[in-house]
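Visitor: mind folding the following:
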Amino acid sequence: MELAEACAQLADDKRAEDVLILDLRKLSSVCDYFVLCTGMSAKQLQAIADGLREQFKALELGKGNCEGYEAGAWILLEAGDVVVHLLRQEMRRFYDLESLWADAPVVPWKKRPAKRPATLHETGT
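Guide: Numbering: from 1, shown residues only. Presented below is the predicted three-dimensional model:
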């Protein structure tokens, strides 16, 4: 579960929306967790995918399997027991993976607090 939470956190840090972790351990033998994320553009989804692949490499999981990167509408990444779905908003609505996996419990995860930009007073200017 730590890897799924780390993936969710990284996606959130890169401003993904509607980040959700589904626990599939009792429902699938393919993987243990899905991480679902929505992005507003192909470039944003690709940036999230790049960050995830760097994270996988740092954790010695290799780069993870990656599909859909070039098109940037639905990028699928697999590492260990986690599959990450990075979807454009219209793709996420159309395929509605949350409904397809409605029996999967949602895993709560804690977002880090957003960093507040420094004010001019705090920067000394």
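
Visitor: quick one: the helices in the protein, in order.
Guide: 2-13, 42-58, 89-95, 97-100, 120-123 (DSSP state H).

Visitor: quick check: beta-bridge partners of L36?
Guide: L20, H85 (DSSP bridges).

Visitor: any idea how many residues pack against it?
Guide: 21 (other C-beta atoms under 10 Å). The way it works is simple: take the backbone N, C-alpha and C, and place the C-beta from them, glycine included.

Visitor: ok now do M40, which residues does it touch?
Guide: With contacts defined as C-beta atoms under 8 Å, 6 or more residues apart in numbering, M40 is in contact with E17, R88, Q89.

Visitor: how about the helices of the chain in TSV, adding mean neighbour count, mean pLDDT and distance to S28?
Guide: Below are the helices of the chain laid out as TSV (neighbours: other C-beta atoms under 10 Å; pLDDT from 0 to 100; distance: least, C-beta to C-beta, whole Å):
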stretch	mean neighbour count	mean pLDDT	distance to S28
helix 2-13	19	92	14
helix 42-58	18	92	20
helix 89-95	14	95	17
helix 97-100	12	92	11
helix 120-123	8	54	48
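
Visitor: now do L87 against L59, distance only.
Guide: Counting by C-beta to C-beta, to the nearest Å, the gap from L87 to L59 is 23 Å.

Visitor: who's more crowded, those two?
Guide: Neighbours were counted for L87 and for L59 using other C-beta under 10 Å; L87 has more, 23 against 14.

Visitor: surely K14 touches A49?
Guide: No. K14 is beyond contact range of A49, at 9.7 Å (criterion: C-beta atoms under 8 Å).

Visitor: how far off centre is stretch 21-29?
Guide: 16 Å (C-alpha atoms, centre = their mean, to the nearest Å).

Visitor: same question for it, mean pLDDT?
Guide: For stretch 21-29, the mean pLDDT works out to 94.

Visitor: next, the distance between the ends of it.
Guide: Start-to-end span of stretch 21-29 (C-alpha to C-alpha, to the nearest Å) is 17 Å.
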